[in-house]
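> generate coordinates for the sequence data below:
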Amino acid sequence: MVKKNDVIAIIIIVLFIVLALIAFGIYRLVHMARNQATVSEESSGSESLDGYLRKQGNMATFKSVPGFEEPMGVA
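Residues are numbered from 1 along each chain as shown. Okay, here's the model as predicted:
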């Protein structure tokens, strides 16, 4: 026959394992969400002015950007 203390110990061990699995699942979800956010930030960066200038191969000046006008007094 199983003692009462043995049953309680088994229940505590099972609960600990279930909580560990839940914690691991939350960790994986957060990790995947952060990686996806990093990828989406990198892909949206290519649509910015910096990404446009890199495609043009001209990071030193804004003259290659259509519609950009130099401020008055700047050579």
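
> show me where the protein has its helices.
For the chain, applying DSSP state H gives helices covering 4-45, 49-56.

> ramachandran angles for V2?
phi -90, psi 140 (degrees, to the nearest 10).

> burial count for it?
Applying other Cβ atoms under 10 Å, we find 7 residues neighbouring V2. Where you see a C-beta, it was placed from the backbone N, CA and C, and this is true even at glycine.

> what's the answer for the one 3 residues further on, then?
The number of residues packed around N5, counting by other Cβ under 10 Å, is 8.

> what do you get for the one 4 residues further on?
A9 has 11 neighbours, counted by other Cβ under 10 Å.

> please apply the same query to A23.
If we define neighbours as other Cβ under 10 Å, then A23 has 10 of them.

> same question, F16
10.

> and what of V30?
Quick note: V30 (other Cβ under 10 Å) scores 10 neighbours.

> check A33 too.
By other Cβ under 10 Å, neighbour count at A33 equals 10.

> pLDDT wise, what is it at?
Looking at A33, its pLDDT reads 88.

> that older thread, pick the most buried one from the helices of the chain.
helix 49-56 (a mean of 13; mean count of other Cβ atoms under 10 Å).

> lowest-confidence stretch among the helices of the chain?
When I compare these, helix 49-56 is least confident, with a mean of 61.

> which residues are in contact with stretch 5-23?
The contact list for stretch 5-23 (Cβ atoms under 8 Å, 6 or more residues apart in numbering) is empty.
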